[in-house]
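**Q** A predicted structure for the sequence below; I have some questions about it.
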Amino acid sequence: MKDQLDALRLEIERDVKAAKSLEDLEVIEVKYLGRKGELTSMLKGLANVTAEERPVLGALANQIKQDGLDLIAARREDLASSKYSALAETERVDVTEPGARPPEGHLHIMTHTIREITSIFEKIGFYRTRYPEIDWDWYAFEALNMPPEHPARDDWETFFMDAPISKKGKMVMTPHTSNGQIHELQRHNFPIRMIDIGKCYRRQVDATHTPMFHQFEGLFVDKGVNITHLRGILDYFAEQFFGPGRVSRIRPHHFRFTEPSFEVDISCGICGGTGIGADKKKCKVCKRGWLEIGGAGMVHPNVLKACGVDPKKYTGFAFGWGVERVAMMKEGAKVDDIRILYQNDVRFLKQF
């Protein structure tokens with residue numbers, strides 16, 4: 001039996017050295033050293049040996065099993081190391097190779113427009129400000145020369161806040177950025193060349209209106225400011241923002257906070273100023289070839305007085321335009337419905 005055990009030891013050593021994979025080692029371990037392996041079968045013959053030989057052969061069998069397990073463990077470590085070394089060569093990553101970039105977002109078209117407007121006016125000495133989007137009635141209406149019965153102060157036109165009434169009236173979600181004029185005039189820091197860009201809120205929604213929109217409010221107040229300065233600013237902006245080939249115009253109008261007052265139009269970029277859309281029907285954006293983009297005029301003396309400014313010493317002009325509307329009218333934009341700007345349609349947003 002001792003010869004059989006020695007022969008088994010040699011077989012185990014031979015097969016372990018010849019193993020080519022971790023799977024081969026599993027087979028060898030089960031074959032020779034498993035519960036039903038050859039060593040277990042051989043030990044059943046101990047019952048047929050003398051009492052003196054039995055402990056010697058038992059110890060030899062245990063030593064063979066332990067040596068076999070040690071050989072298998074060492075070989076398993078060698079094979080695993082070789083396997084991972086091979087993987088490092090066959091599946092290595094070239095970190096210098098350009099990868100596939102994940103999708104990236106970009107600034108919204110309105111953010112681009114606001115930045116462009118700011119840059120255009122900064123070039124002629126205007127500075128950017130931003131005043132509250134929730135303000136008191138006094139700033140939004142009263143100081144702007146609007147009487148209590150003015151339609152804009154109706155609940156169906158303006159969003160009023162459910163808040164206590166103060167000495168300056170009700171709290172409102174500002175329907176225009178003109179409240180910024182009052183805040184800026186109260187500083188009495190002349191000359192004033194302000195651009196106030198912020199959100200406004202009105203109870204309107206259609207192809208050219210949304211309940212929330214942006215305005216940029218311009219205010220220029222100094223000694224000797226007159227209407228020719230206003231006209232020059234309007235022409236400058238039209239040329240800088242809309243580009244050559246687009247035409248602006250002013251029409252007499254009535255605003256409570258300017259006198260004289262004008263509405264400012266730009267030739268429609270959707271229909272090319274013809275008033276006729278691609279479907280040969282009336283352009284649904286402008287209807288007549290022109291799109292109103294805002295109002296303008298000389299600051300009313302009552303507004304200056306409300307802010308403690310002497311209208312005999314200082315004059316100025318103001319203008320307020322919708323940012324969304326000027327974006328719609330930009331050359332090449334071809335946006336025929338203002339609501340799509342805020343519908344979060346990625347197919348649309350990716351175009352800008």
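**A** Here it is on my side, so go on.
**Q** every contact and neighbour count from this point should use C-alpha atoms.
**A** Will do.
**Q** Val30 against Thr40, yeah?
**A** No - using C-alpha atoms under 8 Å, Val30 makes no contact with Thr40, being 10.8 Å away.
**Q** now do the residue of the chain most remote from its centre against Met42, distance only.
**A** Using C-alpha atoms, centre = their mean, the residue of the chain lying farthest from its centre is Thr50. It sits 88.1 Å away. Distance, Thr50 to Met42, by C-alpha to C-alpha, to the nearest Å: 16 Å.
**Q** now do Tyr131 against Trp138, distance only.
**A** Using C-alpha to C-alpha, Tyr131 is found at 14 Å from Trp138.
**Q** I meant to write Ser267 there.
**A** From Ser267 over to Trp138 the distance is 35 Å, taken as C-alpha to C-alpha.
**Q** same check on Ala207?
**A** Distance of Ala207 to Trp138, computed by C-alpha to C-alpha: 31 Å.
**Q** who has more neighbours, these two?
**A** Each of Ala207 and Trp138 has its neighbours counted (other C-alpha atoms under 10 Å); Trp138 has more, 21 against 12.
**Q** which other residues reach whichever strand or helix holds that one?
**A** Assigned by DSSP states H and E, Trp138 belongs to helix 137-140. For helix 137-140, the surrounding residues in contact (C-alpha atoms under 8 Å, 6 or more residues apart in numbering) are 144, 168-172, 174-176, 178-180, 182-183.
**Q** of these, which belong to strands?
**A** Of the positions in the contacts of helix 137-140, Met171, Val172 sit in strands, assigned by DSSP state E.
**Q** top of the contacts of helix 137-140 by neighbour count?
**A** With neighbours taken as other C-alpha under 10 Å, the top of the contacts of helix 137-140 is Pro175, carrying 28 neighbours.
**Q** got the confidence number for it?
**A** Looking at Pro175, its pLDDT is 90.
**Q** do the one 10 residues further on as well
**A** At Leu185, the pLDDT value in this model is 96.
**Q** again, but for Tyr84
**A** The confidence metric pLDDT takes the value 65 at Tyr84.
**Q** all strands for the stretch 201-350 of the chain, in order.
**A** Ranges of strands within the stretch 201-350 of the chain are 212-222, 248-255, 258-267, 290-299, 315-322, based on DSSP state E, counting those that start in this stretch.
**Q** redo these as JSON lines? Include mean pLDDT, mean neighbour count and distance to Gly99.
**A** Formatted as JSON lines, the strands of the stretch 201-350 of the chain follow (pLDDT from 0 to 100; neighbours: other C-alpha atoms under 10 Å; distance: least, C-alpha to C-alpha, whole Å):
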{"stretch": "strand 212-222", "mean pLDDT": "94", "mean neighbour count": "22", "distance to Gly99": "40"}
{"stretch": "strand 248-255", "mean pLDDT": "89", "mean neighbour count": "16", "distance to Gly99": "49"}
{"stretch": "strand 258-267", "mean pLDDT": "90", "mean neighbour count": "21", "distance to Gly99": "46"}
{"stretch": "strand 290-299", "mean pLDDT": "88", "mean neighbour count": "24", "distance to Gly99": "46"}
{"stretch": "strand 315-322", "mean pLDDT": "92", "mean neighbour count": "24", "distance to Gly99": "43"}
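**Q** which one of the ones you listed lies nearest to Gln343?
**A** Proximity to Gln343, assessed across those by C-alpha to C-alpha, is greatest for strand 212-222 (12.6 Å).
**Q** what lines up beside the closest one in the sheet?
**A** According to DSSP bridges, strand 212-222 forms sheet pairs with strand 192-201 (antiparallel), strand 315-322 (antiparallel).
**Q** quick one: contacts of it?
**A** When contacts are defined by C-alpha under 8 Å, 6+ apart, strand 212-222 is touched by residues 176-178, 180-181, 190-202, 314-324.
**Q** run the chain-centre distance for it.
**A** Strand 212-222 sits 25 Å away from the centroid of its parent chain (C-alpha atoms, centre = their mean, to the nearest Å).
**Q** just the CA trace of it, in PDB.
**A** The C-alpha coordinates for strand 212-222 follow below in PDB (Å, rounded to 0.1, in the frame of the first residue of the first chain):
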ATOM      1  CA  MET A 212     -43.700  84.700 -17.700                       C
ATOM      2  CA  PHE A 213     -41.400  86.600 -20.100                       C
ATOM      3  CA  HIS A 214     -38.200  88.700 -19.900                       C
ATOM      4  CA  GLN A 215     -37.900  92.400 -20.600                       C
ATOM      5  CA  PHE A 216     -34.900  94.700 -20.800                       C
ATOM      6  CA  GLU A 217     -35.500  98.200 -19.500                       C
ATOM      7  CA  GLY A 218     -33.300 101.000 -20.700                       C
ATOM      8  CA  LEU A 219     -33.100 104.300 -18.900                       C
ATOM      9  CA  PHE A 220     -30.900 107.300 -19.800                       C
ATOM     10  CA  VAL A 221     -31.200 110.400 -17.600                       C
ATOM     11  CA  ASP A 222     -28.900 113.400 -17.600                       C
END
